[in-house]
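> Quick check, what structure comes out for this input:
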Amino acid sequence: MPSTDDALASWGGGQDLSAWEALMWRTGGDHRARSTGVIVELLDQEPDWERLVAAHDRFTQQVPRLRERVVEPALPVVPPAWSPDPHFDLDYHLQRVRLPGDGSMTELHALAAQFAARPLDPERPPWEALLVLGVTGGQAAYLFKPHHSLSDGIGLLQLLDLAHGHGREPGPAENRPMPKPRRKETPEGLLVNRLAAKVVSAPAGAVREALSAAGRFAGDPVGTATGAVKFAMSLQRVLTPPDAPHSPALTGSGSGYRLDTFDVAFDELKAAGKAAGGSVNDAFIAALLGGVRRYHEKLSLRVDFIPIAIPVSLRTDSDPMGANKFAGARFVAPVGEPDPKTRIAAIHDFVAEARMEPALGFLDLIAPVLSRLPGIVLTRIAGGMTGLSDLQASNLGAIGRPLYLAGARVTRVYPMGPRPGIPAMVAMLTYDGTCCIAVNYDPDAIAEAETFSACLREGFDEVTALAGTG
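Residues are numbered from 1 along each chain as shown. Model prediction:
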């Protein structure tokens, strides 16, 4: 395990954006492909502002990636890279507001939705934070908005653990050494240096790859050919759109955001999944589908299946903290199945099969080509890919300890995930024994907002009722 100092300095990975990260970055101008989310933390009291500012100043120096911006090459033939922002301004990235009304969760949800919808400045490090005062009962909230090119969900959990204190009193973070400054890049220098490196390494790399491929084929010609055929068949399955029509009640891809949050006991959701032979993640998705079924029934609609998408982590122990290591999987969801046990079993089987697909991470192979296409073409392709699903569900995982922020204790952590061209994105993060669920939906696509929210809660009640049957 790396030391805390090493983890802070290395969070975010290497200097160059991966092809997948470059693709997300370059398509962010279109709301259908926008990949910005918000972590909403509820605090038991208002934190000390000066201490919060000082902590951000110190932490963004200890984690250099948070003071770096994305530099595009002069020509898009090499990937963009991270480079220190020479004009980094913490006052821009960290601000505070006070809710003007009653401080209710409804008012906080509306503010978070507005905060999420506001695009990040592409000339600055791609994150913003907002301290919200005046939450009912003397509470406060902290909103953190990162671009997806910074990290996936698991990387964000790592960052939250590094960024938060272990108690109300200050810890030893002030004594940690500061990492060395990173190399600065310019658009012209980035292009010249990366192309020069490619020219120097290309012959040797090509020879090594050719020899490696020849060795694999000579050692096992049948196995090599069979593997290629299996990959091709897997790729066809992964690329084929789900064979299910879009729901008539979940239509549209507007740019508006609306947030809803609620809680479910982790032990109950885990026990429900186990009772049906599945995991807490299977129970989470099955509960969502149950809620969507109820929503259609309220609208006097019968829908048996809908296309949904879920992210699958490709992260290994050798991967750096932060950065992005995931792939998207789409499947035909049995939303019309009334039995929660049957839904959990079906989801369990699909997720197990998806994780075994050889071509699951195929975007890593084609992203280098895609990321070099003209922006208008790239955006059109990305918009078409994101519009294939009616719903996206993501379970980020769990935070294993209590979090503190400048003297305030974090009581809930809601992950408002990106909503790239789909009617609704539902994300879950487990904290302090509670599954914190955030629903980011398009108000134009889901006309009956209160009914939709109530139905989702009923869907979770239906699944957690299994907890006592295991």
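
> so how many other residues sit close to G13?
21 (other C-beta atoms under 10 Å). Backbone N, C-alpha and C define where each C-beta goes, glycine included.

> That one: what secondary structure?
Here G13 is recorded as coil under DSSP: H, G, I helix; E, B strand; the rest coil.

> Find the nearest non-adjacent residue to it, please.
Nearest non-adjacent residue to G13, counting by C-beta to C-beta, 6 or more residues apart in numbering: A323, 3.5 Å away.

> Next one: that neighbour from R69, what distance?
16 Å (C-beta to C-beta, to the nearest Å).

> If you count surrounding residues, which of the two has more?
Taking neighbours as other C-beta under 10 Å, A323 and R69 compare with A323 leading, 23 against 19.

> quick one: the more buried one and L8, what's the gap?
Distance, A323 to L8, by C-beta to C-beta: 15 Å.

> Check the gap between A276 and V97 for me.
44 Å.

> Ignore what I typed, I meant H147.
21 Å.

> Comparing the two, which shows the higher neighbour count?
Counting neighbours by other C-beta under 10 Å for H147 and for V97 shows that H147 has the greater number, 23 against 13.

> neighbours of the spatially closest residue to that one that is not a sequence neighbour, just the number please.
Spatial nearest neighbour of H147, chain neighbours left out: P126 (3.6 Å); criterion: C-beta to C-beta, 6+ apart. Summarising burial for P126: neighbours were counted as other C-beta under 10 Å, giving 25.

> go on, L289?
26.

> quick one: contacts for the residue nearest to H147?
Counting by C-beta atoms under 8 Å, 6 or more residues apart in numbering, P126 touches 25, 69-70, 120, 146-147, 149-150.

> And the strands in the chain, which stretches?
38-43, 68-71, 81-84, 94-98, 127-135, 139-146, 258-265, 306-313, 326-333, 391-399, 404-405, 408-416, 424-431, 434-441 (DSSP state E).

> Quick check: buried residues in the second one?
Buried residues in strand 68-71, counting neighbours by 16 or more other C-beta atoms under 10 Å, are found at 68-71.

> could you redo these as TSV and give each row pLDDT and distance to Y431?
Putting these into TSV (pLDDT from 0 to 100; distance: C-beta to C-beta, whole Å) gives the following:
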residue	pLDDT	distance to Y431
E68	97	28
R69	97	30
V70	96	30
V71	94	35
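
> Of all pairs in these, which one is the farthest apart?
E68 and V71 (8.9 Å; C-beta to C-beta).

> For the residue lying closest to G400 once chain neighbours are set aside, give its distance to V70.
Sequence neighbours aside, D161 is the residue nearest to G400 in space, at 7.9 Å (criterion: C-beta to C-beta, 6+ apart). Here D161 is placed at a distance of 25 Å from V70 (C-beta to C-beta).

> go on, V53?
25 Å.

> quick one: contacts for L75?
Counted by C-beta under 8 Å, 6+ apart, L75 has contacts L191.

> what number of residues lie near Q139?
18.

> is it in a bridge, and if so with what?
Q139 forms beta bridges with V135, as assigned by DSSP bridges.

> from what I can see it touches L42, true?
Yes. Counting by C-beta atoms under 8 Å, L42 is a contact partner of Q139 at 6.4 Å.

> okay, and the common contacts of these two?
T411.

> Need the nearest residue in space to R194, chain neighbours excluded.
In space, R194 is closest to V78, 3.9 Å off (C-beta to C-beta, 6+ apart).

> contacting residues for that neighbour?
190-191, 194-195, 198.

> Can I have the buried ones of these as a ChimeraX selection?
The following ChimeraX line selects those of the contacts of V78 that are buried, judged by 16+ other C-beta under 10 Å:
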select :190,191,194
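
> Closest one to L456 out of the contacts of V78, please.
Closest to L456, out of all of these and judged by C-beta to C-beta, is L190, at 45.3 Å.

> mind listing what the closest one touches?
71-74, 78, 80-81 are the contacts of L190 under C-beta under 8 Å, 6+ apart.

> Dump stretch 180-193 to PDB, keeping only the CA atoms.
Output in PDB follows, covering the C-alpha atoms of stretch 180-193 (Å, rounded to 0.1, in the frame of the first residue of the first chain):
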ATOM      1  CA  LYS A 180       7.700  18.700  -6.500                       C
ATOM      2  CA  PRO A 181       6.200  21.000  -9.100                       C
ATOM      3  CA  ARG A 182       5.000  19.300 -12.300                       C
ATOM      4  CA  ARG A 183       6.200  20.100 -15.700                       C
ATOM      5  CA  LYS A 184       4.200  22.700 -17.600                       C
ATOM      6  CA  GLU A 185       2.900  22.100 -21.000                       C
ATOM      7  CA  THR A 186       1.900  24.300 -23.900                       C
ATOM      8  CA  PRO A 187      -0.200  23.400 -26.900                       C
ATOM      9  CA  GLU A 188       2.700  23.600 -29.300                       C
ATOM     10  CA  GLY A 189       5.200  21.900 -27.000                       C
ATOM     11  CA  LEU A 190       2.800  19.100 -26.200                       C
ATOM     12  CA  LEU A 191       2.300  18.400 -29.900                       C
ATOM     13  CA  VAL A 192       6.100  18.400 -30.700                       C
ATOM     14  CA  ASN A 193       7.200  16.400 -27.700                       C
END
